[in-house]
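Student: Sequence first, then the predicted structure:
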Amino acid sequence: MSSAKAVLRKEVEHLAEEAFHRKLISGYGDGPDSNEYQIVFQGKPRHFPLESAHSFLCDLLFDNEVGENSEILCSASDVKEYKR
């Protein structure tokens, strides 16, 4: 795995931990493929490519952030990219 993918995987894991602690997802972990990440959302396990997992989690956390004062590690471009 390239260093860029390793960094992306680490960021996805951090975002998933945050979403889990906020009770936005009920589980997360490595997918069956090294380029995938599994997120359990609304009771269903879903497998995402790493880039899509990052965008999905950013969107989920961003939507939950509205009206709160804590920070998330996503740029606005990540959220726009997922919503397309």
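Tutor: Noted; the coordinates are in hand. Numbers count the residues shown, from 1 in each chain.
Student: Wait, a strand at V40?
Tutor: Yes - checked against DSSP: H, G, I helix; E, B strand; the rest coil, V40 lies within a strand.
Student: Read off the pLDDT value for it.
Tutor: We have a pLDDT of 98 for V40.
Student: Show the contacting residues for the most centrally placed residue in the chain.
Tutor: Nearest to the mean C-alpha position of the chain, counting by CA atoms, centre = their mean, stands L57 at 2.8 Å. Going by CB atoms under 8 Å, 6 or more residues apart in numbering, L57 touches V12, L15, A16, E18, A19, I39, C74. Glycine gets a C-beta too; all of them are placed from N, C-alpha and C.
Student: Keep only those of those residues that are in strands.
Tutor: I39 (DSSP state E).
Student: Just flag the most distant two among the contacts of L57.
Tutor: Farthest-apart pair in the contacts of L57 is I39 and C74; separation 14.9 Å (CB to CB).
Student: From the neighbour counts alone, determine which of the two ranks first.
Tutor: Between I39 and C74, I39 has the larger neighbour count (other CB atoms under 10 Å), namely 26 against 20.
Student: Thought F56 was touching that one, still the case?
Tutor: Yes - with contacts counted by CB atoms under 8 Å, I39 reaches F56, the gap being 6.8 Å.
Student: Model confidence score at F62, please.
Tutor: 89.
Student: Mind telling me what element it is part of?
Tutor: Per DSSP states H and E: F62 is located in helix 50-65.
Student: pull the CA atoms of that helix into PDB?
Tutor: What follows is helix 50-65, C-alpha atoms only, in PDB (Å, rounded to 0.1, in the frame of the first residue of the first chain):
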ATOM      1  CA  LEU A  50     -11.300   4.500   0.700                       C
ATOM      2  CA  GLU A  51     -11.900   7.800  -1.100                       C
ATOM      3  CA  SER A  52     -15.700   7.300  -0.900                       C
ATOM      4  CA  ALA A  53     -15.500   6.300   2.700                       C
ATOM      5  CA  HIS A  54     -13.700   9.500   3.500                       C
ATOM      6  CA  SER A  55     -16.300  11.600   1.700                       C
ATOM      7  CA  PHE A  56     -19.200   9.700   3.200                       C
ATOM      8  CA  LEU A  57     -17.900  10.200   6.700                       C
ATOM      9  CA  CYS A  58     -17.100  13.800   6.100                       C
ATOM     10  CA  ASP A  59     -20.600  14.400   4.900                       C
ATOM     11  CA  LEU A  60     -22.100  12.500   7.800                       C
ATOM     12  CA  LEU A  61     -20.000  14.400  10.300                       C
ATOM     13  CA  PHE A  62     -20.600  17.800   8.600                       C
ATOM     14  CA  ASP A  63     -24.400  17.300   8.600                       C
ATOM     15  CA  ASN A  64     -24.200  16.500  12.300                       C
ATOM     16  CA  GLU A  65     -21.900  19.500  13.000                       C
END
